[in-house]
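*Asks:* I'll drop the sequence and a predicted model, then ask my questions.
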Amino acid sequence: MKDTIRKYIDQLHAKGAHYVDARWYPHEDSNFLFMWNGNLKENNASSQSGLGVRVLYNGAWGFSASSDLANPGAIFDKAFDNARIASERVTFPVRLAEKEAIVSSFNSPNRIDPFTVGLDEKVAFLQKMDTALNQPGIVQRMGMLEFVRKQIIFMDSEGSEIEKNIIEVFPSISAMGIDKDGGMQRRTYMPGRTSGTRGWESIEEGDFLQNAERLVSEVNQLMVADDAPNGKMSVILLNGIMFLQTHETIGHALELDRILGYELSFAGGSFVRLEDFGNLRYGSEKLTVRANALEPNSPGSFGYDDDGVPAQDNLLIDKGILVGAITGRQMVEEANAKAKKQIFEGSSGANRATSFYRVPIERMTNINIDPGTDGTLEDIIANTKYGLVLDGDKSWSIGSNREQFHFATEIGWLVEDGKKTKVVKNPTYRGETVPFYNSLAAVGDKSTWNLHYVNNCGKGAPNQIMQLGHGVPVCRFDNVQVGE
Amino acid sequence: MSNQVIDLLKQLRQAALKRNLMALISYHEEDSYLMRFANSSISLNTNEHLISLDFIAFDGRKKASYSMIVNPTDFASMEKGLDILAEMLPHAQPLTYDPTFPVYTRDVVDERSFDPFMCELTNEERLAYFNTLGEGLESDDVKLSGIFSSGTTTTATITTANEFTQYFRATDAQITAVLSSESLKWEVNAEQSAQMKKDLDARSLHADLALLVQNYQQDQAVQLPVGKYTVVLGPAATAELVQIMSYYAMTGSALMQGYSFLKEEDQGKQVFSDQFNLIDDPRDVEIFGQEADRFGLTRQPFPLVSEGQFQAFMWDQDSADEFGKTPTGHDVSRTSLVINAGTEPIESLKDLCEMPRDEDILYIPYIHYMNVVNPSQGMMTGSSRFGALFLKKDGSVQVPYNVRLTQKFTDFFGKNILWMSKKQVAYNVSSSYGRRDPTALRVPRFVCVKDIEISHSNPSY
């Protein structure tokens, strides 16, 4: 098959295509198990294979994909034809940043391939979790296990040939109860990534059982809790909401395709402008953010992106100042040309597609916040006069340019005079992105830092779901509007 | 076309029987085309031709499923999928209830939503449509973005119970056009949902865009004070609100999971405005109504709200089995929701702007990034986007920066409804995250609601 792909790439190149790449997925397997109140509602396996071809012709992209590999030449021809039509309406011809031709491979680190683990063992795990959650006060119990295994062969007209073999595991459990006012309250546990691998071995049963007990306790506390207060106060965001805050208001805002207006018809733009790089005070001096695609244990680490560029660790925000973006080969060239100066030295290796039948676009890798020097969670609480500790994402809604946001969390703890005094339910907070990050008053140390995965980040048209990660510490923001 | 698909399903049925499987076998084929525009260029021109199969096997209370995107010429790999399913089934944990196995009693062929001309739409025609809708409106600062997504979706099912089959085919187009200012960052849009090629109307989108661009270039931009406003919702805002509300509140599973703000005892009670009727209407071809559900139940018009009274929850087969309810024909990937027409003769954005008014009105065409803050209370949040207008009572128009609304669904569709347009439009809410699945609602062109609270107002675009 690789010889066939190479032949067609060469043929299109000879026909005048400026650049051609192909992603062949010999297989992508997944396994999804969902237990709800003891019933195994989903017991699903799936597989897919196919070929996606991207062609750059006269400054315009064409793409075609099919699961029908009986005639691969037809897929190449269609992609070329799509590019030819697209080239009839071009205002800024696509150019690609330089890269080296790479012949290499990447295997995501794991000790136990989850596809070698029997279904009985997986179901037994979910049953154990269900039993652990089946306690007084809990009316809904959910357990989920999702496994993905894929092989991707990338080849391009510049001589690259990269094979990737990636395994992911996405486990979670949730417990729900009805509060004193008749409202549904929920707590969810998605484990952080503390081990160095991402196979079946990263699902630690003991850790899940301990957290199941915690969820039951917290739901029971929420059932009798008062509503969270309204007003301006400090919010201390634990990992279970800080990862999403980072995702929505730093990660998406710094995708270069959004900044350049390529997502305006769907996901939205960004308040960031090209002249902001090197100048904008995005947050307080305590804020340092990086896109680190080299974390070994995260779905945001993939070896090489779908432009064939190696994964990297790049600063995005350095002590509060905006310095970098999430980029692929096309966007850095356009940004530098539009800015009439070199803002970006090259692709940051963040162009990814969700499957063989989607085209790569700028996606987050691991958008991480560096740990700070403000001590442990307990230290941060002790230094807080009045506010809320918040955890667990319940809802999130962000302005189209990522300029403002509204979050609801699963749980809150009131902090008064340096002490957690009680649990409160239905907490919400909102803010404007830049003032919010400039109110960052405390960043927890390494003991508060954890890496969360995201397996459902949506973007693009046609839409794509992507997997990635966020390593974040506990952070405290002051003077935040709570409760609207 | 249908013969080829039915033949494949019958071969797969035989293959399942050979493995002693009791199975529901589903076929999905999409031929999708998407031309994407950004910065006044075609930023991507793509097509995907994908065939998927889903197998669900039943063995008493045990169930397992296998899904695959397949090479249609590779029957051996499809059989391998059945082999994997046969291996999985014995390891499934028995459910605590008896799942229904679908037994069809007739053949169904439903191609009412299929248009051969839409099916054959060309790249050149998609490009011409966009060239027309943006004609004369672009500049060095004002750039055109958008998508022209169109395609054909074929679905079919068979079970091992007998040789009856169900076959559905639909065409759809979803068009979104955005004009945005690169320097000021405002953005306005116009959209169209179409099931037939003859309904494609680039001129109508051009008229809306021209009006909005004129407003955004000439009228005063304002940061609205937070507080309560009389709001007119455009079709995108209305359709998304109703779609999300029906998902979170009007299904049996949402009720049993405790998410719904509607309770069983609300059936028959006045919950919404007496002007508000909501029906799931599978007869409506333009919004891709389907004749039967996956379990072979004939789908009938299903009133959800009648003159403000909540009528009933929609029960899919599995939830009905588990909770001892009667399924309502809702084992479908999409509903076909219709809000009744109102009485107000306002047909276009121009009519709305010129309408005599005795109070200020905030027009919100689109609510961006809607999410449900508290499902038990039916509380949502989202921000205005794409061409909001502030229609002053003196007849002038201002351009508001985006605002955030955090309100209950009943604030929008309860007693606060002032009027609804006589004209209805289809609005395509299809997502292309997974398989193509044309989904649309029919809603009034405008819905006017009083006392909608703005909780945050942006200081700029």
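*Replies:* That came through fine.
*Asks:* near chain A, which residues of the stretch 51-200 of chain B?
*Replies:* Counting by C-beta under 8 Å from any C-beta of the partner chain, the residues of the stretch 51-200 of chain B close to chain A are B:51, B:63-73, B:81, B:84-85, B:88, B:91-93, B:95-97, B:123-124, B:127, B:130-131, B:143, B:145-147, B:149, B:176-178, B:180, B:182, B:185, B:187, B:189. For glycine as for every other residue, the C-beta is placed from the backbone atoms N, C-alpha and C.
*Asks:* from these, which land in helices?
*Replies:* Mapping those onto helices (DSSP state H) picks out B:81, B:84-85, B:88, B:123-124, B:127, B:130-131.
*Asks:* reformat those as CSV; add pLDDT and neighbour count.
*Replies:* Conversion of these to CSV gives the following (pLDDT from 0 to 100; neighbours: other C-beta atoms under 10 Å in any protein chain shown):
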residue, pLDDT, neighbour count
B:81, 96, 21
B:84, 95, 18
B:85, 96, 23
B:88, 95, 20
B:123, 94, 20
B:124, 95, 10
B:127, 96, 19
B:130, 96, 22
B:131, 96, 13
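*Asks:* can you pick out the most distant pair from these?
*Replies:* Farthest pair in those (C-beta to C-beta) is B:88 and B:131. Separation: 51.6 Å.
*Asks:* hang on, the earlier thing: so which of the residues of the stretch 51-200 of chain B next to chain A sit within strands?
*Replies:* Under the assignment DSSP state E, these contribute B:51, B:63-70, B:143, B:145-147, B:149, B:176-178, B:180, B:187, B:189 to strands.
*Asks:* filter these to the buried ones?
*Replies:* Neighbour-count burial (16 or more other C-beta atoms under 10 Å in any protein chain shown) is assigned, among these, to B:51, B:63-70, B:143, B:145-147, B:149, B:176-178, B:180, B:187, B:189.
*Asks:* what about the helices in the chain?
*Replies:* Since you didn't name a chain, this refers to chain A. A:2-14, A:72-86, A:119-133, A:205-223, A:239-246, A:256-259, A:329-339, A:377-382, A:433-438.
*Asks:* um, chain B though
*Replies:* Assigned by DSSP H, the helices in chain B fall at B:2-18, B:75-88, B:116-119, B:123-133, B:202-218, B:235-249, B:252-257, B:317-323, B:349-354, B:409-413.
*Asks:* so which of the ones you listed gets nearest residue A:177?
*Replies:* Evaluated with C-beta to C-beta, these place helix B:252-257 nearest to residue A:177, the distance being 12.3 Å.
*Asks:* list the buried residues of the closest one.
*Replies:* For helix B:252-257, a neighbour-count test (16+ other C-beta under 10 Å) marks B:252-257 as buried.
*Asks:* what's the weakest-modelled helix or strand in chain A?
*Replies:* In chain A, no helix or strand scores lower on mean pLDDT, DSSP states H and E than strand A:450-459, which sits at a mean of 93.
*Asks:* that one near chain B anywhere?
*Replies:* Yes. Contact of strand A:450-459 with chain B (C-beta under 8 Å from any C-beta) involves residue A:458.
*Asks:* which residue packs closest to residue A:11, ignoring adjacent ones?
*Replies:* Spatially, and ignoring its direct neighbours in sequence, residue A:11 is nearest to residue A:76 (7.3 Å; C-beta to C-beta, 6 or more residues apart in numbering or on different chains).
*Asks:* and for the one you found, the neighbour number?
*Replies:* 25 (other C-beta atoms under 10 Å in any protein chain shown).
*Asks:* ok so, going back, quick one, which of the helices of chain B gets closest to residue B:392.
*Replies:* Minimum separation from residue B:392 across the helices of chain B (C-beta to C-beta) falls at helix B:349-354, 10.8 Å.
*Asks:* related to what we said a few turns ago, make CSV out of the helices of chain A and add mean pLDDT and distance to residue A:186.
*Replies:* Output for these, formatted as CSV (pLDDT from 0 to 100; distance: least, C-beta to C-beta, whole Å):
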stretch, mean pLDDT, distance to residue A:186
helix A:2-14, 96, 47
helix A:72-86, 96, 44
helix A:119-133, 97, 12
helix A:205-223, 96, 7
helix A:239-246, 97, 12
helix A:256-259, 97, 31
helix A:329-339, 97, 38
helix A:377-382, 98, 22
helix A:433-438, 98, 25
